[in-house]
Structures are given as structure tokens and as C-alpha cells.
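Participant: Could you look at this predicted model? Sequence included:
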Amino acid sequence: MKYSKIKSVLALLAISSTLLISCNKTEKNEVVTEAPVETVTNDGIVDDAAKQDTIKITLNGNDKMQYDLSEIDVYEGQTVVLTLNHTGTMPAASMGHNFVLLKNGTDLEKFEAEAAKDGYIPTDTSEIIAHTKLLGGGESDTITFPAPEKGTYDFMCSFPGHYSVMKGKFNVK
């Protein structure tokens, strides 16, 4: 008698566990970034919301010369609305940050040297896809631009000396 009760309890637990797991199939796995890149359900179905016309990205820079994202993923042709927040407290004159998205093949070191001469954005902007203004602690700037063609692009902070650590990849799928 005891054995059949234990067997019944175990069977009930197995059924409950199966129901709990199967009821949880709507949960989504997401790539961890501020911008939704591609959302895939447990069933392997791509969520079309990830391929929306406009994508909003928040990028933060701090007084330790760090962006909080080293990669940004978007889709070709999307309208990108990028907000850069300077989360530090230091003024732009000593710890200014910006976001500069560069065309493929741009020499970052050469670009930064030219940018330092001209207020952190060179007068020849032919290598720039998009950029924010230079920000001091507590400031923000939002820019809107179309995502370029598929490929991987460099982004950086063009304040002197920052690009060596404040840079990342802008991946267009």
C-alpha cells in the first residue's frame, strides 16, 4: 500500500513538472544589450519586433573612459535613434565624451589626431556616418540616422586619448 502511494505521488510530481515546463514555453531568450537585436522564442521562432523600422539605443559613457556597450547590433536600413549619456560628473573640457560612427577602413588613430585639431570632429567629415556632440558629466545627446549597409563599423569617442579604450563595433545585419 505504501509503495503504491509513493508511486502515485511520484507520478503526480512528474506530471506537474511536465506541465510547469511546457507552460513556460512562451519565455523568450534575448541577447543582452540595450538595443533588441534578435529575439528568439524557445520554439526557435524569430520575433519580428526585433526587425522594427526604428531601433532605440542608449549608450552610456563614464568618468573612467568606458562605454557600457562594446557592440551595438542593428539591421540594415533601420532608423537608429541613439542616445549618449555621460553618466560621470567631470566637465567636457577634461573628460568629454561623444559617439562617432565611422565608415569602414577609417584609421582610428589618424581620425582622432585630426579630430583633436577641430573641436573633436574634423572639418572633413567624409569618414563619419553619424556623431553626437561632445558631452560633459550629466549631459545627454540624441541623434537619429539610417543604419548603413550590412557590415561591421567602428564607433569611438574622439576626445583626445579616449579612442584607445572607448570604442566598439557597430554590427549591421
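Facilitator: Now that the structure is in, tell me what you want to look at. Numbers count the residues shown, from 1 in each chain.
Participant: can you tell me which residue is nearest the centre of the chain?
Facilitator: The residue lying closest to the centre of the chain (Cα atoms, centre = their mean) is I72, at 3.6 Å.
Participant: Can you show me the strands along this protein?
Facilitator: Assigned by DSSP state E, the strands in the chain fall at 28-30, 39-41, 54-61, 71-74, 79-86, 100-102, 128-131, 140-146, 151-156, 167-172.
Participant: Show residues contacting the third one.
Facilitator: Spelled out, that is strand 54-61. Applying Cβ atoms under 8 Å, 6 or more residues apart in numbering, the external contacts of strand 54-61 come out as 34-36, 67-69, 72, 74-75, 78-88, 97, 99, 135, 147, 157, 166. Quick note: C-beta positions are derived from backbone N, CA and C, even for glycine.
Participant: Poorly predicted segments of the chain, please.
Facilitator: Along the chain, segments meeting pLDDT under 70 span 1-51.
Participant: try 90 this time
Facilitator: Along the chain, the parts satisfying pLDDT under 90 run over 1-52, 109, 112-113, 116-119, 123-124, 161, 163-164.
Participant: hang on, the earlier thing: going through the contacts of strand 54-61, which ones are buried?
Facilitator: Burial by neighbour count, 16 or more other Cβ atoms under 10 Å: within these this picks out 35-36, 67, 69, 72, 74-75, 78, 80, 82-88, 97, 99, 135, 147, 157, 166.
Participant: can I get the CA coordinates of stretch 142-159 in PDB?
Facilitator: Extracted C-alpha coordinates of stretch 142-159, given in PDB (Å, rounded to 0.1, in the frame of the first residue of the first chain):
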ATOM      1  CA  THR A 142      20.300  62.000 -29.100                       C
ATOM      2  CA  ILE A 143      20.900  61.500 -32.800                       C
ATOM      3  CA  THR A 144      18.900  59.900 -35.500                       C
ATOM      4  CA  PHE A 145      20.400  58.300 -38.600                       C
ATOM      5  CA  PRO A 146      19.700  55.400 -41.000                       C
ATOM      6  CA  ALA A 147      21.700  52.200 -40.400                       C
ATOM      7  CA  PRO A 148      24.300  51.800 -43.200                       C
ATOM      8  CA  GLU A 149      24.600  48.700 -45.400                       C
ATOM      9  CA  LYS A 150      25.400  45.400 -43.800                       C
ATOM     10  CA  GLY A 151      28.800  45.100 -42.300                       C
ATOM     11  CA  THR A 152      30.800  45.900 -39.100                       C
ATOM     12  CA  TYR A 153      31.800  49.500 -38.400                       C
ATOM     13  CA  ASP A 154      33.900  51.100 -35.700                       C
ATOM     14  CA  PHE A 155      32.500  53.600 -33.200                       C
ATOM     15  CA  MET A 156      34.600  55.600 -30.800                       C
ATOM     16  CA  CYS A 157      34.900  58.600 -28.600                       C
ATOM     17  CA  SER A 158      37.100  61.200 -30.400                       C
ATOM     18  CA  PHE A 159      38.200  63.100 -27.300                       C
END
